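Visitor: give me coordinates for this.
(2 chains, ligands or ions: 2)
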Amino acid sequence: MFKNEEMEVNLGPQHPSTHGVLRVKLRLDGETITHCRPMIGYLHRGVEKICENQTFFQGQVWTDRMDYCSAVANNLGWAEANEKLFGITVPRRAQYIRTMLNEFNRLASHLIWLATHALDIGAMTVFLYAFREREDILDMNEAFCGSRLTTTAFRIGGLREDLPPGFEKLVTKFLAKFPSCLEEYENLLSENRIWKKRTVGVAKLSAEDAIALGVTGPVLRAAGVPYDIRKAFPYAAYAEMDFEVPTKTEADTYARYLVRMEEMRQSARIIQQCMDGMPEGPVMAKLPKILRAEVNEVYHATEAPKGEIGYYLVGEKGSGNPYRFHVRAPGFINLQALPKMAEGGLIADIVAAIGTLDIVLGEIDR
Amino acid sequence: MNKLLRTLIPFDIAKGLSITGKHFAKVFFTANRRKVPFHIVSEYPEVVAKMQPRFRGRLTLLKDEQGEIKCVCCMACEKICPTQVITIEKGKKEGRKMPFPVRYDFEMERCIFCEFCVESCGFDSIILNHQFELAAYNREDFSLGMEGLEQNMFVPSPVGKFSVADD
Ligand code: SF4
Ligand code: SF4
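Guide: Ligands and ions are numbered 1, 2, ... in the order given. Coordinates of the predicted model:
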């Protein structure tokens, strides 16, 4: 006789839709997921321990390699955490440039999310268009700091160099065409019935669950909680910027898509304001030759494209290295919501659930 | 009725296709591809890829006008390198007051191109050039030093034929 038996399936670690080396252990009853556990650690490099063995100055290069899609946002958090530890005030021009680059990075990260998420669900075209715009942003990264992906963009106390000549022209050109590009993506997706069938009502995560699990970023905002660190605890030059925090209440994959699209619009607005109000002046604060911490600890949280990225640093008296370094990676904590989102759903929808969390395994495993 | 019509005629798919068609027409009807306002494809190996002035490529030792190595062995670059890929040995040379690097080894395979070494050098004796084609067949080709025929710290790597090291 036939028996009703549950089946165990491994999704990944080499599955293209898991965005890296994530293994998801699934127990299936027919096509329904009854049990889901993400298995991580395939990309562990010990970034926190490496940083503890290096000086504060050197530590920045490892933060690039955590979330490689948003390296500038990671650099910003690292630089600001250190400035908090040593009590350094950054010049205003440097703050503005940092804010601008951080928003460009948010665009790049959201574009790569849009591209891969749509590709996972089955819309190939958006992938190519989103990468076209991301290319311009990477070119700007290259013009500013010499590298496209692993930027090492900032220094403790400010920036290494001012904006290169001709940078304003690149920004203006990009901002002129970006709204029409966003419209193009929305034309392709927003009303597309396949897209809606695959996203509306899929992978729901209520606001209570999201808060209980510590989820941040667009996933939390799509559940109706208007929590954005740029507004709640302004850093860099965000206190002087005028922007909105988009929220939705549906808490499904489609709502997260809408929230991220609106966030891209707001980012473009912030960049425009940075360009208009760019103050003159130096870009580097006066620093001692070797950074030495008194015993104290800091936790500094910033809003990375994926959620709250927090750096916890403990200094040791007379030592040039951090005594303890810990990263609160948004991807790691957001991934804990995957069982809540996927259990009870269909196996085909887990791909949408992973994509909508916007995880990068380099950051989760560190 | 309206709903049935919408189910029968896939408007949304037509909308998506029209965007693709628009872009296709833009490229197709401009005979000279260079006129397309945003095409991002370049004919790379035939046309030299241009890097931005600040591009971070391979580490290169510089010489001054007399052909002397500028490095004075202050060891700042060795100390600051996050991956410890630079090894310098201090030495003396006839007719030179400043110390002279007898050995300047650079393990390129572990370099992460962060430019901290160049930033720390107070004598402007090293730069990261604009070379980006750094692949090689043998592991030894990544160990650059001051001696050796092709793989040393002064000449561009023979592997990257297309990139420019014009500074
Ligand atoms: S670029 Fe960075 S990793 Fe490479 S040699 Fe210089 S300091 Fe070391
Ligand atoms: S920092 Fe400059 S001068 Fe000092 S050892 Fe390095 S290359 Fe030579």
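Visitor: quick one: distance of the lowest-mean-pLDDT helix or strand in chain A to the chain centre.
Guide: Within chain A, no helix or strand scores below helix A:193-199, which has a mean of 82 by mean pLDDT, DSSP states H and E. Computed by C-alpha atoms, centre = their mean, to the nearest Å, the separation of helix A:193-199 from the middle of its chain amounts to 25 Å.
Visitor: indicate whether that helix makes contact with chain B.
Guide: Yes - part of helix A:193-199 sits near chain B under the criterion C-beta under 8 Å from any C-beta of the partner chain, namely A:Arg193. No exception for glycine: its C-beta is placed from N, CA and C like everyone else's.
Visitor: wait, what's in contact with residue 125?
Guide: No chain was given, so I picked chain A. Contact analysis of A:Thr125 by C-beta atoms under 8 Å, 6 or more residues apart in numbering or on different chains lists A:Leu188, B:Gly16, B:Ile19, B:Thr20.
Visitor: sorry, should have said chain B
Guide: Neighbour list for B:Ser125: B:Leu61, B:Leu62, B:Ile69, B:Lys70, B:Cys71, B:Val72 [criterion: C-beta under 8 Å, 6+ apart].
Visitor: spatially nearest residue to the third one, not counting backbone neighbours?
Guide: In space, B:Ile69 comes closest to B:Lys63 once its chain neighbours are excluded; the distance is 5.8 Å by C-beta to C-beta, 6 or more residues apart in numbering or on different chains.
Visitor: wait, the one you found touches B:Lys70, no?
Guide: Yes - counting by C-beta atoms under 8 Å, B:Lys63 does reach B:Lys70; the two are 6.4 Å apart.
Visitor: which intervals of the stretch 151-300 of chain A have sub-threshold pLDDT?
Guide: Filtered on pLDDT under 70, the stretch 151-300 of chain A yields the residue ranges A:295.
Visitor: chain B too?
Guide: Residues of chain B meeting the criterion pLDDT under 70: B:1, B:6-8, B:30-41, B:45-47, B:147-167.
Visitor: please list the residues of it that sit near ligand 1.
Guide: Listed as neighbours of ligand 1 in chain B under the rule C-beta under 6 Å from any ligand atom: B:59, B:81-83, B:85-86, B:111-117.
Visitor: repeat that for 5 Å
Guide: Counting by C-beta under 5 Å from any ligand atom, the residues of chain B close to ligand 1 are B:Cys81, B:Thr83, B:Val85, B:Cys111, B:Ile112, B:Cys114, B:Phe116, B:Cys117.
Visitor: these in strands, which ones?
Guide: Among these, no member falls in strands (DSSP state E).
Visitor: those also near chain A: which ones?
Guide: When C-beta under 8 Å from any C-beta is applied, the members of these adjacent to chain A are B:Ile112, B:Cys114, B:Phe116.
Visitor: turn those into a markdown table, columns for neighbour count and distance to B:Phe11.
Guide: Formatted as a markdown table, those follow (neighbours: other C-beta atoms under 10 Å in any protein chain shown; distance: C-beta to C-beta, whole Å):
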| residue | neighbour count | distance to B:Phe11 |
| --- | --- | --- |
| B:Ile112 | 18 | 50 |
| B:Cys114 | 24 | 51 |
| B:Phe116 | 23 | 56 |
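Visitor: of those residues, which belong to helices?
Guide: B:Phe116 (DSSP state H).
Visitor: return the distance of stretch B:12-25 from the chain's centre.
Guide: In terms of C-alpha atoms, centre = their mean, the centre of stretch B:12-25 is found 37 Å from the chain centre.
Visitor: mind saving the C-alpha coords of it as CSV?
Guide: The C-alpha coordinates for stretch B:12-25 follow below in CSV (Å, rounded to 0.1, in the frame of the first residue of the first chain):
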residue,chain,number,x,y,z
ASP,B,12,1.4,42.7,-20.1
ILE,B,13,3.6,40.4,-22.1
ALA,B,14,3.1,42.7,-25.1
LYS,B,15,4.2,45.6,-22.9
GLY,B,16,7.4,43.8,-21.9
LEU,B,17,8.1,42.8,-25.5
SER,B,18,7.7,46.3,-26.7
ILE,B,19,10.4,47.5,-24.4
THR,B,20,12.8,44.8,-25.7
GLY,B,21,11.7,45.7,-29.3
LYS,B,22,12.4,49.4,-28.7
HIS,B,23,15.9,48.7,-27.5
PHE,B,24,16.5,46.2,-30.4
ALA,B,25,15.4,48.8,-32.9
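Visitor: for the helix or strand that contains A:Leu175, packing partners?
Guide: Secondary structure from DSSP states H and E places A:Leu175 in helix A:167-189. On a contact count with 3 or more C-beta pairs under 8 Å, 6 or more residues apart in numbering or on different chains; DSSP states H and E, helix A:167-189 meets helix A:92-121, helix A:124-145, helix A:253-276, helix B:11-28.
Visitor: what's the angle between that helix and helix B:11-28?
Guide: On the basis of axes from the mean of the first three to the mean of the last three C-alpha atoms, to 10 degrees, helix A:167-189 is oriented at 140 degrees to helix B:11-28.
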